[in-house]
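Q: Here is a sequence together with a model predicted from it:
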Amino acid sequence: MTLDEIQAVFFQECEEGVAAAETALLALKAGDRDGETINTIFRAVHSIKGGAGAFAFAALQSFTHHFETLLDKVRDGELAVTPTLADLLMAAFDILVDHVAAAREGSTPPPDEAMVAALQDALAGDVAHAPASATGDGLSFDLAAMMADTLAVAEEASEWTLSFTPTREDLANGGEPLLLIREILSLGGRIERVDVSRLPTLDQFEADAAWLGWTIAIPGTVEESAICDVFDFVADPASVRLVRGEEDAGGASFDEPSSPIAPPAPVAPVATVAPPTMPSPSLATTPSAPSEPRAATTAPAMIRVDLEKLDRLVDLVGELVITQAMLSQRLSSHGMAAAEELADIDQLTRELQDSAMAIRAQPVKSVFSRVPRIVRELEASTGKRVMLEVEGEATELDKTVIERIGEPLTHLVRNCIDHGIELPADRVARGKPAEGRLRLAAEHKGSRIVISVSDDGAGIDRARVLAVAVERGIVAPDARLTDDEIDQLIFAPGFSTARTVSNISGRGVGMDVVRQNVQGLGGRISIQSMPGAGSTFALALPLTLAIVDGMIVRVADQTYIIPLTHVVESLRPETGAVQRTGFGTSVLNVRGAFLPVLSVAEQLHVRGGVTEPSEAVLIVVETENSGTAILMVDAIVDQRQVVIKSLETHYQQVDGVAGATILGDGHVALILDVEGIVALRGSMQWLKAS
Amino acid sequence: MGPLVLPPVLDRFAAGMIAADLQHRAGRGGPVVLDASGIERIGMAGLQLLLCALHAPLVDGSAAARLDRPSAALCEAARLAGLTTHLGLDTEERR
């Protein structure tokens, strides 16, 4: 592994640590005072500090040191966690995230002097002098007020007792425990006992083995982190135990040679110093005030895999799907379509595909985790108060989708707070709670994931939206638009109703880009808004971008794929059932609903397709934005999985076409963009009419 | 049998070599004198070896080895590890 690769692993671990810490901090802010919650934050910060030191990210290391020191006091119960202290920790966390980003990008570290001063003041309990350093440097909080109720300094710290029993591993690779003891003694430690009871007889002596154990007393004024730092690189974590107060089990002496050293029973909070997992030194400490053990005490076994290898696997599965289709077609031509083995291969291929895609799947939590900070920042800059609710963050999506959905989602959140949620006074005047509600949710719906961003704000001001659209020439002054159509105007390029341009939103860019990004992922965005009650933006995203279940249809001499996610049913109408209208469009009454019938041949300008509906096959399709419609094709050929190949990569974007695929007979078939085709026809009017 | 002169660096490697020599000498009867005057650096493995040698009883109950002329580096390492008494160096110092 090269240094760069090791460093990349460090930043991956930083991300994981940051995510865990943020979750714990939010729990802390919500009132969770479990010791493990504090420990989670501490462990994350400490691990980042260790790695920062190893890779010489001095600014990051320095900041994490200050942060960690305060967390240590909190962990030990010397500082009580109050809402205001939780806010301080959250603010420090935000700067930590900036530090990590700066280290990763090689950019200038964020200014942190004010926060460091605030952390130090909080640590010292210096309420009187804290504000000058904290608020004077641009921090948005008043440390004096913040810390007034936090100073609960516990009784004077009692002495630490360190038990160090090196193992064979600690001696391996040139490890020298005596150097560690020297460092501990330099911190003011003194050796209380040396356990020599495990020493063997001379004929059983092994130079590689370790038989000695030390019990060392360390002044209680020494920070735990300083002690733990000494053992950062100890190979065996079990060789070190640290307790407050005295241990009640000591080492034996030569007078009692047969007595094995007994693990000391902790009489006070115990910390086990864990070794680093290279390259990011991490320190795992058990809770200082152990609570009920959590349900999941064993971490799932995981390995890191290069993303390129995963992509290669997915590509190969895609090729396998194509080859399997070819094989199926070849056998069919020999009258062996019903071969049992063929069904087995089909099933196995499908399972293999699901498994391969599952490897690439990530929980949307990695995207949702950005939102709390955005909300905090917007609260500070707008004066609005927002309660964030998150649901379904364990829902998994393909990694590529996850990576590309972050920006659109961020913009939607900003939009909801900036334009949707009202100021506290306005909300109270309207009979609402002063604190607005922003709900972020993810859930499976069929073969799609729907991520929704909802607020209980003012809703879309349609009169204003329409006025702006007219003013900017987006719609004609005499246009009569439905509520849904007006809502869709906010996605028009260059549209913005913001009265002032802020750094939050209102620059006239954004919502159109949001829609483009979502559509680029094969997803759809829809709006539901009620004046005075709020709005919901829903992003419907495909689970995967690589393979899709498709209905293979024929139009004239062309073959097309209709993604099954859109297909509701297929039918062959009786003669005369499809009625022409005065708008040059046909409709069919499907169980009481008049649905527009769209000829795929007409939409894609293909000549030679069936024109008489009763001779064609009608496929009822559902769309996110344009409701239900019917696509008219000549015939249904087959139904199977197809591998999506980008048309834009190999050719260019074509309206009504989402991509291409290679069929079993080796021919290329276009995958229809059902949403686009239905929208092209302007079926919304029809839906309204029906 | 003359004293066994301990090397300047008594690390894991040296400890393994000396352990074998010590066993051989102890088996020939009588305590082995360990000349520790030349020790310049000694680690945990070396200290463990000395402890084993000094406290391994011979058939007559006497120690298999005794330290002679401990160097300052050995005394310092023993002090650091809290083993001065175990290695009999406090007695040595008093002498």
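A: Thanks, I have it.
Q: what residues does the helix ranked longest in chain B touch?
A: Once chain B is assigned using DSSP state H, the helix that runs over the most residues is helix B:12-27. With contacts defined as CB atoms under 8 Å, 6 or more residues apart in numbering or on different chains, helix B:12-27 is touched by A:171, A:202-203, A:205-208, B:1, B:4, B:6-7, B:10, B:32, B:43, B:45-46, B:48-49, B:52-53, B:56, B:58, B:64-65. Placement of C-beta: from N, CA and C, glycine included.
Q: May I see the PyMOL selection of the buried members of those residues?
A: Buried subset of the contacts of helix B:12-27, written as a PyMOL selection, criterion 16 or more other CB atoms under 10 Å in any protein chain shown:
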select buried, (chain A and resi 171+202+205+207) or (chain B and resi 4+6+7+10+32+43+45+46+48+49+52+53+56+64+65)
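Q: Narrow the contacts of helix B:12-27 to those in helices?
A: Among the contacts of helix B:12-27, the members falling in helices (DSSP H) are A:L171, B:A45, B:G46, B:Q48, B:L49, B:C52, B:A53.
Q: Tell me the one among those residues nearest to A:L571.
A: Using CB to CB, A:L171 comes nearest to A:L571 of the ones in helices among the contacts of helix B:12-27, at 78.2 Å.
Q: gap between the closest one and chain B?
A: Remark: distance between A:L171 and chain B (CB to the nearest CB, to the nearest Å) = 6 Å.
Q: any idea how far that residue is from A:F233?
A: Counting by CB to CB, to the nearest Å, the gap from A:L171 to A:F233 is 13 Å.
Q: Check A:G666 too.
A: Taken as CB to CB, the span from A:G666 to A:F233 is 59 Å.
Q: Comparing those two, which residue is more hemmed in?
A: Set A:G666 next to A:F233 and count neighbours by other CB atoms under 10 Å in any protein chain shown: A:F233 wins out with 15 against 10.
Q: ok so that one is a helix residue?
A: No. Using DSSP: H, G, I helix; E, B strand; the rest coil, the assignment for A:F233 is coil, not a helix.
Q: I'd like to know how far it sits from A:E223.
A: From A:F233 to A:E223 the distance is 19 Å (CB to CB).
Q: now A:E15
A: A:E15 is 27 Å from A:E223, where distance means CB to CB.
Q: Show me what from chain B comes close to chain A.
A: B:12-13, B:15-16, B:19, B:22-23, B:26, B:43-45, B:47-49, B:51-53, B:55-56, B:64, B:77, B:80-83, B:86 (CB under 8 Å from any CB of the partner chain).
Q: Quick one: low-confidence residue ranges for chain B.
A: B:1, B:58-62, B:91-95 (pLDDT under 70).
Q: helix/strand/coil for the closest residue to chain B within the stretch 301-450 of chain A?
A: Per CB to the nearest CB, A:I303 is where the stretch 301-450 of chain A lies closest to chain B, at 32.6 Å. With three-state DSSP as the basis, A:I303 sits in coil.
Q: how many other residues sit next to residue 72?
A: Defaulting to chain A. 23.
Q: wait, chain B
A: For B:A72, using other CB under 10 Å, the count is 10.
Q: so who does it touch?
A: Per CB under 8 Å, 6+ apart, neighbours of B:A72: none.
Q: wait, what's in contact with the residue most central in space within chain A?
A: When CA atoms, centre = their mean is applied to chain A, the residue found nearest the centroid is A:S366 (1.1 Å). If a contact means CB under 8 Å, 6+ apart, then A:S366 has A:E15, A:A19, A:I402 as its contacts.
Q: what's downstream of the helix or strand harbouring it, the next helix or strand?
A: Taking DSSP states H and E as the criterion, A:S366 maps to helix A:365-368. Heading C-terminal from helix A:365-368, the first helix or strand you meet, by DSSP H and E, is helix A:371-382.
Q: which strands and helices sit next to that next one?
A: Helix A:371-382 sits against helix A:3-29, helix A:83-105, strand A:386-391, helix A:399-415, with contacts defined as 3 or more CB pairs under 8 Å, 6 or more residues apart in numbering or on different chains; DSSP states H and E.
Q: was I right about A:R572 contacting A:V610?
A: No. A:R572 is not in contact with A:V610 according to CB atoms under 8 Å; the separation is 11.1 Å.
Q: neighbour-wise, which of those two wins?
A: A count of neighbours by other CB under 10 Å puts A:V610 above the other of A:R572 and A:V610, at 18 against 13.
Q: Tell me how far the more buried one lies from chain B.
A: To chain B, A:V610 is 86 Å away according to CB to the nearest CB.
Q: Please apply the same query to A:A616.
A: According to CB to the nearest CB, A:A616 and chain B sit 85 Å apart.
Q: who touches the nearest residue to that residue once chain neighbours are set aside in this structure?
A: The spatial neighbour of A:A616 that comes closest, neighbours along the chain excluded (CB to CB, 6 or more residues apart in numbering or on different chains), is A:V610 at 4.3 Å. Contact partners of A:V610, counting by CB under 8 Å, 6+ apart, are A:A601, A:A616, A:M632, A:V633, A:D634.
Q: Recalculate using a threshold of 10 Å.
A: By CB atoms under 10 Å, 6 or more residues apart in numbering or on different chains, the contact set of A:V610 is A:R554, A:V555, A:A556, A:S599, A:A601, A:A616, A:V617, A:M632, A:V633, A:D634, A:A635.
Q: Quick check: chain neighbours aside, which residue is closest to the residue nearest in space to the middle of chain B?
A: In chain B, the residue lying closest to the centroid (CA atoms, centre = their mean) is B:L50, at 3.5 Å. Residue nearest to B:L50 in three dimensions, not counting chain neighbours: B:L87, with 6.0 Å by CB to CB, 6+ apart.
Q: My reading is that that neighbour lies in a helix. Confirm?
A: No. B:L87: not assigned to a helix; according to three-state DSSP it is coil.
Q: Please report the distance of A:G473 from A:A479.
A: From A:G473 to A:A479 the distance is 11 Å (CB to CB).
Q: These two: which has the busier surroundings?
A: Between A:G473 and A:A479, counting by other CB under 10 Å, A:A479 is the more crowded of the two (12 against 9).
Q: wait, what's in contact with the more buried one?
A: Counting by CB under 10 Å, 6+ apart, A:A479 has contacts A:L466, A:A469, A:V470, A:E485, A:I486.
Q: Now for those: which two are most distant?
A: A:V470 and A:E485 (13.2 Å).
Q: tell me which residues form a beta bridge with B:R66?
A: Here B:R66 sits in beta bridges with B:V33, as judged by DSSP bridges.
Q: was I right about it contacting B:A53?
A: Yes. Applying CB atoms under 10 Å as the test, B:R66 and B:A53 come out as touching, 8.7 Å apart.
Q: That concludes my questions; thank you for your assistance.
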